[in-house]
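Asker: Would you be able to build a 3D model of this:
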Amino acid sequence: MEKNPLQRAMEDWHLLQDDLMITKDQLREANDLNNKLLTEVDFLRSELDKVIVEKDRYQRYSVEMATRLSSIKEVITTAESDARMYALKPPIPSQAAELPEDDVRSVQGIISRLPVNAFQ
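Answerer: Numbers count the residues shown, from 1 in each chain. Sure thing, here's the model as predicted:
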């Protein structure tokens, strides 16, 4: 038995309404998921900005350290080359300076007047 066109139209309309409700539910779920993802993206962007700032700080620190180490290396290299240029040589024995006889006698006089236990 064949359905009349009005019944078929009503059944099709009910099917379309069911599809519309399902599509609306899917749209609401997709919008909720989209909002959650947008919130997560905002959070991740703020974290990325923090990490970029921290990376820049560490990068500046590493450049400063590399510069300091380079300066230290340069000082060491210069000291080594200077040391090679002025190789260690045994010291030249210095001759004892001759003191005038009057000075020797006056120092001996001062020492002789000191108490005996001064050097003990």
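Asker: so where is the protein shaky, pLDDT-wise?
Answerer: 1, 87-97, 115-120 (pLDDT under 70).
Asker: Going by secondary structure, the residue nearest the centre of it is in what exactly?
Answerer: Closest residue to the average C-alpha location of the chain: Y58 at 3.1 Å, with C-alpha atoms, centre = their mean. Using DSSP states H and E, Y58 maps to helix 5-85.
Asker: gap between that helix and the chain center?
Answerer: 22 Å (C-alpha atoms, centre = their mean, to the nearest Å).
Asker: That helix: what's the following helix or strand?
Answerer: Downstream of helix 5-85, the first helix or strand assigned by DSSP H and E is helix 101-113.
Asker: hmm, back to that, against I72, how distant is the residue nearest to the centre of the chain?
Answerer: Shown here: Y58 relative to I72, a distance of 21 Å by C-beta to C-beta, to the nearest Å. Backbone N, C-alpha and C define where each C-beta goes, glycine included.
Asker: now swap in A66 and tell me
Answerer: Counting by C-beta to C-beta, the gap from A66 to I72 is 11 Å.
Asker: and what of A9?
Answerer: A9 is 90 Å from I72, by C-beta to C-beta.
Asker: again, but for L16
Answerer: As judged by C-beta to C-beta, L16 and I72 stand 80 Å apart.
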